[in-house]
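> Can you look at this prediction? I've put the sequence above it.
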Amino acid sequence: MSAAAISKSFGKSIQVHLVESDDIGTIGVGEATVPHISAFNRLLEINEAEFVRQTQGTFKLGIMFKDWGKLGDSYVHGFGTIGRDLGLMPFHQYWLKARAMGGAKDLSHYSLNTVAAPQGRFMVPPSDAPPNSPLAEIAYAYHFDAGLYARYLRNLSEAQGVRRTEGKVVAIHQDPESGFVESVQLESGATVSADLFIDCSGFRAMLIEDTLHAGFEDWSEWLPCDRAVAVPCAKVGPPTPYTCSTARSAGWQWRIPLQHRTGNGYVYSSQFISDDEAAAFLLNNLDGEALGEPRPIRFTTGKRKKLWDKNVIAIGLSGGFIEPLESTAIFLIQSGISRLMSLFPHADFDEVLQNTYNAQMDFEYKKIRDFIILHYCVTTREDSDFWKYIRAMRIPDSLRAYIDLFSANGQFFREGTELFGLTSWVQVMVGQGILPKTYHPAVDWVKTSDMLGLVEHVEKVVASNVALMPKHEAFIARHCAAPTVSFKVPVRQ
Ligand SMILES: Cc1cc2nc3c(=O)[nH]c(=O)nc-3n(C[C@H](O)[C@H](O)[C@H](O)COP(=O)(O)OP(=O)(O)OC[C@H]3O[C@@H](n4cnc5c(N)ncnc54)[C@H](O)[C@@H]3O)c2cc1C
């Protein structure tokens with residue numbers, strides 16, 4: 001992603017040299033995204049249908065969370081808007097009053113995405129949709145095969161002039177005085193020198209940590225999951241237009257539908273379940289036959305204290321990791337790249353650029369961290385030691401402040417450029433069982449009959465528009481069906 005975006009934006013003024021090792025390979029997970037990825041693809045002038053076909057992609061209207069607040073609960077965190085705002089107040093404030101009066105259904109009935117997703121319906125906004133129709137603003141992201149996306153971007157980058165060297169980096173050379181990285185040495189003996197290095201070495205963090213010792217801020221106290229086991233399985237039905245996340249006894253399980261297979265994983269805390277138990281649990285909870293052996297992955301939640309240090313910028317897993325509950329890692333890569341392009345240095349590496357980059361990325365990571373903790377911290381589950389730990393754990397003050405304000409009268413204020421806005425926070429707070437004590441008094445300035453009429457009207461408009469949408473599978477078959485792939489199912493001993 002870094003090589004593709006920088007070569008596209010800066011053209012021949014910058015020479016990009018990509019070093020990767022086929023022997024080491026990529027992490028091979030990371031298949032669900034947030035809507036911002038479309039902007040990245042547009043920057044690269046990627047045709048959407050072609051991209052979905054090439055990556056065995058499907059479309060995503062949001063995430064279905066099962067068993068999070070309590071066993072048996074289910075809600076969808078959908079992209080896009082909730083209802084229609086009126087006057088000063090966002091729609092959910094009217095919904096709170098209508099609900100208190102017994103005149104409203106569950107919040108999920110008032111958003112196109114949260115109604116369409118469980119029905120398996122999807123379409124991109126039709127070009128002839130009237131501007132005030134909910135169909136005109138369908139917000140969506142993608143699920144895709146991460147390996148195929150990486151290959152796609154590699155081809156694109158090479159076509160844009162990026163030089164690629166296949167090889168293993170075995171040593172890193174620094175200027176003895178400044179500590180700036182001067183070159184990386186490959187196993188073959190060749191060296192690659194540069195003015196600026198982007199460390200995309202994944203969890204290895206070869207330049208930013210092994211060489212520059214940027215330091216790591218550990219957030220496991222709030223997000224105790226430290227491992228995952230992943231395995232794809234055969235597709236058994238039409239692909240759902242949403243990611244599914246089911247809370248389990250020591251973490252949670254993801255399900256990501258692609259055109260040719262379904263991606264699955266169990267993210268868990270090693271304090272509360274063994275690796276073998278987690279792998280066995282995952283294999284017993286797949287929709288279809290496993291298409292490989294479960295693959296273990298270890299991680300520590302947190303981020304580098306400095307994501308940019310000297311002439312090295314860590315992008316991707318080398319910079320940090322927050323569990324993939326809201327599919328935010330690829331977004332953080334995208335955001336790091338666009339911030340680097342805005343703050344691109346001259347050869348003198350003015351420190352203000354680095355400090356600005358680090359402060360902004362720190363803010364972005366921490367806001368996402370808080371949003372992820374929100375999914376856990378208000379649970380009423382007590383059915384395992386993991387959930388008992390979660391219930392008793394302290395949470396960051398920044399998150400406590402958001403929860404307290406919302407609990408008081410349903411208000412939420414997005415700070416600066418934080419990724420998740422009002423719709424996301426409201427859906428997850430309500431979905432997790434936080435209901436404000438009251439609504440904002442401005443709601444009373446609207447006549448009660450008008451307010452109830454608004455809520456009822458929104459529900460009807462959403463339902464009738466969703467009924468016009470095709471099934472997700474039919475949409476894909478018509479516009480972007482990928483080539484059929486057959487898998488050899490491994491024989492288990
Ligand atoms: C369990 C799990 C689930 C995830 N799910 C999601 C998700 O749903 N959505 C999302 O947005 N993100 C998700 N992510 C994150 C996502 O997978 C990563 O952000 C993304 O794949 C980018 O990884 P990366 O390029 O930083 O690292 P990697 O994929 O590990 O790539 C590292 C690269 O560095 C190269 N390399 C390493 N060492 C050397 C060396 N010595 N010499 C030469 N080359 C070297 C490797 O060859 C490789 O090309 C998930 C991550 C995990 C762990």
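Nice, I can see it.

> can you list the domains in the protein?
Per automatic domain parsing, the structural domains of the chain span 2-214+302-475, 227-298.

> any chance of these in JSON lines, plus mean pLDDT and distance to the ligand?
C-beta here means a position set from N, CA and C on the backbone, and glycine is covered the same way. Output for the domains of the chain, formatted as JSON lines (pLDDT from 0 to 100; distance: least, C-beta to the nearest ligand atom, whole Å):
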{"stretch": "domain 2-214+302-475", "mean pLDDT": "96", "distance to the ligand": "2"}
{"stretch": "domain 227-298", "mean pLDDT": "97", "distance to the ligand": "4"}
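
> What segments of this structure are helices?
For the chain, the helices defined by DSSP state H cover 2-10, 37-43, 48-54, 91-100, 112-116, 146-159, 275-284, 329-342, 351-377, 385-392, 397-409, 422-431, 448-466, 472-479.

> Quick one: closest of those to residue 250.
Minimum separation from residue 250 across these (C-beta to C-beta) falls at helix 385-392, 4.4 Å.

> buried ones in that closest one?
386-387, 390 (16 or more other C-beta atoms under 10 Å).

> Repeat that for stretch 153-166.
Quick answer for stretch 153-166 (16+ other C-beta under 10 Å): 153-154, 156-157, 160, 162.

> for these, which one is nearest residue 450?
residue 153 (50.9 Å).

> just checking, that closest one touches residue 3?
Yes - at 7.5 Å, residue 153 and residue 3 qualify as touching, with contact defined as C-beta atoms under 8 Å.

> Need the residues touching each of these two.
Applying C-beta atoms under 8 Å, 6 or more residues apart in numbering, one finds that no residue jointly contacts residue 153 and residue 3.

> contacting residues for residue 178?
Contacts of residue 178 (C-beta under 8 Å, 6+ apart): residue 310.

> could you redo the last one with a cut-off of 7 Å?
Under the criterion of C-beta atoms under 7 Å, 6 or more residues apart in numbering, residue 178 has no neighbours.

> ok, now residue 92?
82, 107, 410, 426 are the contacts of residue 92 under C-beta under 7 Å, 6+ apart.

> Kindly report the same for residue 248.
Per C-beta under 7 Å, 6+ apart, neighbours of residue 248: 266, 281.

> re the thing from before, closest one to residue 138 among the helices of the chain?
When these are compared by C-beta to C-beta, helix 112-116 sits nearest residue 138, at 6.3 Å.

> Just give me how far that closest one sits from the chain centre.
Centroid separation for helix 112-116 versus its chain: 19 Å, with C-alpha atoms, centre = their mean, to the nearest Å.

> can you check stretch 113-129 too?
20 Å.

> Please apply the same query to stretch 128-139.
Its chain's average C-alpha position is 25 Å from that of stretch 128-139, according to C-alpha atoms, centre = their mean.

> Just the buried residues of it, please?
Those would be 129, 133-135, 138-139, for stretch 128-139 by 16+ other C-beta under 10 Å.

> Tell me which residues are up against it.
So stretch 128-139 is contacted by 35, 79-81, 112-113, 123-126, 461-462, 465, 468 (C-beta under 7 Å, 6+ apart).

> distance between the ends of that stretch?
End-to-end span of stretch 128-139 (C-alpha to C-alpha, to the nearest Å): 16 Å.

> thinking again about what came up before, CSV please, covering the contacts of residue 92 and showing neighbour count.
Compiled in CSV, those are given as follows (neighbours: other C-beta atoms under 10 Å):
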residue, neighbour count
82, 26
107, 22
410, 25
426, 25
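
> one step back: of all the buried residues of stretch 128-139, which comes closest to residue 93?
Closest to residue 93, out of all of the buried residues of stretch 128-139 and judged by C-beta to C-beta, is residue 134, at 19.3 Å.

> give me phi/psi at the nearest residue to residue 80 once chain neighbours are set aside?
Distances taken as C-beta to C-beta, 6 or more residues apart in numbering put residue 139 closest to residue 80, at 3.7 Å, once the chain neighbours are dropped. When read as degrees, to the nearest 10, the backbone of residue 139 gives phi -100, psi 130.

> Can you give the distance from stretch 80-88 to the centre of its chain?
Centroid separation between stretch 80-88 and its chain, computed with C-alpha atoms, centre = their mean, is 24 Å.
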